[in-house]
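Asker: sequence first, predicted coordinates after that:
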Amino acid sequence: DTGLGMAAEVKEHLFEPFFTTKGPGHGTGLGLAVVFGAIAQNGGRIEVYSETGYGTTFKIYLPCVDEPAQQSEETVYLIETGGNESILLVEDDDAVRHFAVSVLAREGYRVHAFSTGTTALQALDTIGTAVDLLLTDVVMPDMNGRELAERMQQRQPGLRVLFVSGYTDNVIVQHGVLKPGVQFLAKPYSVSGLARRVREVLGSPHP
């Protein structure tokens, strides 16, 4: 890119999880850590050249493969989806939130959707019924998903929670964002993937 470039001290920490030069609420610093991990897991490497005032170049090297790609067989899931439970959905991305609402409403669930954890908590008293599942993004600007879940479970012990994130669950857990063993769904998810995972969590024992 032809942006501002990076100083040497910034470049030294570039791939560290949660390292970011952006202000609060404008970036988590996980993006390049995820990129680095994906490349390393596939036997590759990433090189960075950056000069202040001139921009940055990333070069990604992956091993050559002579064999043709293997077509994976799609797994058929026999689990039933759908229900009439009450779901509190918290997602700050408008497009993702609208998509999830349409999927879950079509499956028969009663969905209460909010863009922030703060507004979701404020609305709990007006919903008028116990929530069966909290479906929340992990990384959000005003209150992260873990804090929201903890505060909701204080008010409603035993509440089931399904965390959602564009970062993989092992990255989220390894760096202390979530505890091991939590219920997790990676983005982007499909219609069937969301419906199936929600039904699995609703059918699981209370935490």
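Answerer: Everything's here; your move.

Asker: C-alpha only now, for contacts and for neighbours.
Answerer: Fine.

Asker: now do the same end-to-end measure for stretch 68-81.
Answerer: 36 Å (CA to CA, to the nearest Å).

Asker: all helices of this structure, in order?
Answerer: For the chain, the helices defined by DSSP state H cover 8-12, 31-41, 94-106, 117-127, 145-155, 169-174, 191-202.

Asker: pLDDT at Pro63, what is it?
Answerer: pLDDT recorded at Pro63 is 91.

Asker: contacts only, for the residue lying closest to Leu32 once chain neighbours are set aside.
Answerer: Distances taken as CA to CA, 6 or more residues apart in numbering put Phe15 closest to Leu32, at 5.5 Å, once the chain neighbours are dropped. Phe15 makes contact with Leu32, Ala33, Phe36, according to CA atoms under 8 Å, 6 or more residues apart in numbering.

Asker: about what we covered before: can you tell me which of the helices of the chain has the worst average pLDDT?
Answerer: Taking the mean pLDDT of those, helix 169-174 comes last: a mean of 53.

Asker: for the most centrally placed residue in the chain, list each beta-bridge partner.
Answerer: The centroid of the chain falls nearest to Ser165 when counting by CA atoms, centre = their mean (0.4 Å). On the basis of DSSP bridges, Ser165 takes part in beta bridges with Ala186.

Asker: switch to numbering from 34
Answerer: Renumbered: residue one is now 34, and that last one reads Ser198.

Asker: that one contacts Lys220, correct?
Answerer: Yes - applying CA atoms under 8 Å, one finds Ser198 in contact with Lys220, separated by 5.5 Å.

Asker: re earlier: now, of the contacts of Phe48, which are buried?
Answerer: Using 16 or more other CA atoms under 10 Å as the burial test, these include Leu65, Ala66, Phe69 as buried.

Asker: ok, the closest residue to the second one other than its chain neighbours to Val68 distance?
Answerer: For Ala66, the nearest residue in space outside its immediate sequence neighbours is Phe48; the separation is 4.8 Å by CA to CA, 6+ apart. Distance from Phe48 to Val68, counting by CA to CA: 8 Å.
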